[in-house]
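[1] Provided below are the primary sequence and the corresponding predicted coordinates.
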Amino acid sequence: MRVARCLLSMLALSLVVSCTVTRDYAPDKKYSPAALQEDYSLLRKILEEKHPSLYWYTPPEIMSRVMDAGYERLKDSMTELQFGWSILAPMLAQIHCGHTSLIMSKGWQHFARRRNIPSFPLLVKVWKDSMMVVANLNRDSAIGRGVFIQSINGIPQTKIVNDLFAFMPVDGYGYNLDFIKLSGDFPFYYRNVYGVLPFYSVAYTDSNNVAHQAMIPWWIPHRDTSRVKPAIKKKQSRRKVTAREKRKFVRSIDIKDSIAIMDVNAFTKGHLNAFYRKNFRKLRKEQVRNLIIDLRINGGGDINKATALARYLTDKPFKVADSAFSISKNFNPYSHYISSSFWDNLGLIFFSRKRNDGKYHFGYWERHYFKPRKKNHFDGQVYVLTNGLTFSAASLFCNIVREVDNVTLVGEETGGGWYGNSGILIPSITLPNTKLRVRLPFFRLVQDGHPPFKGSGVIPEWYIGPNWRDVLKNEDTKMKAVMDVIRKEAR
């Protein structure tokens, strides 16, 4: 059924998108069953021999049946899009590892970036059992902002969400991440799973809970060429983003009335250690007593940069991992298909050791204790804002600081696993025929001081969920609630 939908999707693309393709890539190229089976079998072998958590949430016998079922479907030729989204994505989602994800080939990404691909026209906010329209890309359509979708083409919205979740990787059962992903780009996921149609029948209720039905057209992006004369058409120059602007996007701080709001949007670039030193010194000098750390779009990165921030807040030494191990000493004999495998294989010689349990342990994360900073240590009240996009190293940070007396986690469950996750080293596999890529986490990390194994993200101490009225007003519910508490206590 989904393969048929993908065929319809490609047919629609051939009609709407001028199917003149790039010189090196043809999106409608079909790969033979033998080529697809070769790619699939190779991926399966690599996952079974190298993935440290293939059976963490799904027992071996069930995972084996899932993989067998995927292989059995490879009886007809498929395009890259069909193979990736109808076969690989649902199989990978069964691993329940947010770092084990599908990436389209470089050829597809280059093609899609330069094409006006049609899609479902409504942007939505999805949570629990609600799906609210936040924007209509077809501005003259009948459905406006603020209505609640009940069904699309006769399929209840709750079933649509569950169907899409089956194609989206998460850590354990932390589906809060997928709610936010759907809210960020529902047309993308809907198109890849259900295909595209010229018209959609949408049942919805308005703010007064009155039911309505509307038929709406798909949305086709158009480039604005009205101001460009063909004879003098020139490539518009784009202002180059400065290094300072890039750093500001990764991290920034605003201090006012003894309240500091620190945005740390990634534990990657941005000269974070220097940023921490400079600003925690400033917090001490200005006697700031309330610090809000916003991690709501922090997808993780370097664990060392997460621990560096935690050292300014913790009140006792801490370590990151109860255990951190791989099930293989290197990527051989599959190094040819894995990015950066030469340097990673070399590094693994020095950083991992085989123990009596037969696994290769990354001893540094299991043994090393990080001491709290004495200089410029922050002892005031700290609020850490989280949601489903708080992932990987950001969720490790949340676990480290959660038990500190003056730190309060605020918001929603993190997308990164609380018990642990798989990562540290995350190269990508490139399949030889379709060139589809799959991210491969190499180590399993179980957090120190972890809760019982339940598959959840880090649970905030102060839960603040979505509020549809605030969403419509573009009001930051979580930030507002924290600021109200700080100001009330300051009176």
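    Yes, it's here.
[2] what distance do you get for the residue nearest to residue 157 when sequence neighbours are not counted to residue 190?
    The shortest distance from residue 157 to any non-neighbouring residue, by CB to CB, 6 or more residues apart in numbering, is to residue 131 (4.4 Å). In short, each C-beta sits where N, CA and C put it, glycine included. Distance of residue 131 to residue 190, given as CB to CB, to the nearest Å: 11 Å.
[3] could you do residue 344 as well?
    Counting by CB to CB - residue 344 and residue 190 are separated by 36 Å.
[4] same check on residue 200?
    In this structure, residue 200 and residue 190 are separated by 9 Å, where distance is defined by CB to CB.
[5] mind listing the shared neighbours of these two?
    Counting by CB atoms under 8 Å, 6 or more residues apart in numbering, the residues touching both residue 200 and residue 190 are 120, 152.
[6] spatially nearest residue to residue 89, not counting backbone neighbours?
    If the residues on either side of it in the chain are set aside, residue 89 comes closest to residue 167, at 4.3 Å by CB to CB, 6+ apart.
[7] and that neighbour, what does it touch?
    Listed by CB under 8 Å, 6+ apart, the contact set of residue 167 reads 85, 89-90, 93, 189, 192-193.
[8] returning to that earlier point: residue 131 and residue 190: which is more packed in?
    Using other CB atoms under 10 Å as the criterion, residue 131 and residue 190 rank with residue 131 on top: 25 against 21.
[9] where does the more buried one fall, phi/psi-wise?
    Torsion angles at residue 131 (phi, psi; degrees, to the nearest 10) stand at phi -140, psi 100.
[10] just list the residues touching it, thanks.
    Counting by CB under 8 Å, 6+ apart, residue 131 has contacts 124-125, 148-149, 157, 160-161.
[11] other SSEs contacting the helix or strand hosting residue 67?
    When elements are defined using DSSP states H and E, residue 67 is found to belong to helix 60-72. Secondary-structure packing of helix 60-72 (3 or more CB pairs under 8 Å, 6 or more residues apart in numbering; DSSP states H and E): helix 33-50, helix 89-93.
[12] low-confidence ranges in the stretch 1-150 of the chain?
    With pLDDT under 70 as the threshold, the stretch 1-150 of the chain has low-confidence stretches at 1-23.
[13] which parts of it are strands?
    For the stretch 1-150 of the chain, strands defined by DSSP state E, counting those that start in this stretch occupy the ranges 102-103, 122-127, 130-136, 148-152.
[14] of these, which stretch is the most buried?
    strand 122-127 (a mean of 21; mean count of other CB atoms under 10 Å).
[15] which residues touch it?
    Contacts to strand 122-127, defined as CB under 8 Å, 6+ apart, come from residues 131-137, 143, 149, 161, 179, 182-183, 186-187, 202, 216, 465-466, 468, 471.
[16] strands paired with it, and their directions?
    Here strand 122-127 is paired, per DSSP bridges, with strand 130-136 (antiparallel).
[17] related to what we said a few turns ago, and the residue nearest to residue 157, bridged to which residues?
    residue 126.
[18] in the stretch 301-450 of the chain, which spans are helices?
    When secondary structure is read from DSSP state H, counting those that start in this stretch, the stretch 301-450 of the chain shows helices at 303-310, 341-351, 363-367, 393-401.
[19] Three-state assignment for the nearest residue to residue 142 once chain neighbours are set aside, please.
    Distances taken as CB to CB, 6+ apart put residue 214 closest to residue 142, at 4.3 Å, once the chain neighbours are dropped. Three states are possible here, and by DSSP: H, G, I helix; E, B strand; the rest coil the one that applies to residue 214 is strand.
[20] tell me the spacing between residue 214 and residue 205.
    Here the distance between residue 214 and residue 205 works out to 12 Å (CB to CB).
[21] what's the answer for residue 173, then?
    Residue 173 sits 29 Å away from residue 205, going by CB to CB.
[22] what about the strands in the stretch 351-491 of the chain?
    So, for the stretch 351-491 of the chain - with DSSP E, counting those that start in this stretch - the strands run 353-354, 360-361, 381-386, 407-411, 420-423, 428-430, 437-439, 443-447, 462-463.
[23] so what does the longest one touch, helix or strand wise?
    Using 3+ CB pairs under 8 Å, 6+ apart as the contact test, the elements touching strand 381-386 are strand 290-294, helix 393-401, strand 407-411, helix 477-490.
[24] how about the contacts made by residue 450?
    Under the criterion of CB under 8 Å, 6+ apart, the contact partners of residue 450 comprise 322, 399, 418-420.
[25] shared neighbours of residue 131 and residue 190, which are they?
    Taking CB under 8 Å, 6+ apart as the criterion, residue 131 and residue 190 both touch residue 160.
[26] okay, the closest residue in space to residue 464 that isn't next to it in sequence: pLDDT?
    The shortest distance from residue 464 to any residue other than its chain neighbours is 4.8 Å, reached at residue 478 (CB to CB, 6+ apart). At residue 478 the predicted local distance difference test score is 96.
[27] isn't residue 478 right up against residue 410?
    Yes: with the criterion set as CB atoms under 8 Å, residue 478 and residue 410 qualify as a contacting pair; they are 6.1 Å apart.
[28] which of those two has more residues huddled nearby?
    Neighbours per residue, other CB under 10 Å: of residue 478 and residue 410, the larger number sits with residue 478, 25 against 22.
[29] and the gap between the more buried one and residue 465?
    Computed with CB to CB, the distance linking residue 478 and residue 465 is 9 Å.
[30] so who does the closest residue to residue 345 other than its chain neighbours touch?
    For residue 345, the nearest residue in space outside its immediate sequence neighbours is residue 330; the separation is 4.3 Å by CB to CB, 6+ apart. Taking CB under 8 Å, 6+ apart, we find residue 330 in contact with 344-345, 348-349.
[31] repeat that with 10 Å
    Residues counted as contacts of residue 330 (CB atoms under 10 Å, 6 or more residues apart in numbering) are 50, 338, 341, 344-349, 352, 360, 442.
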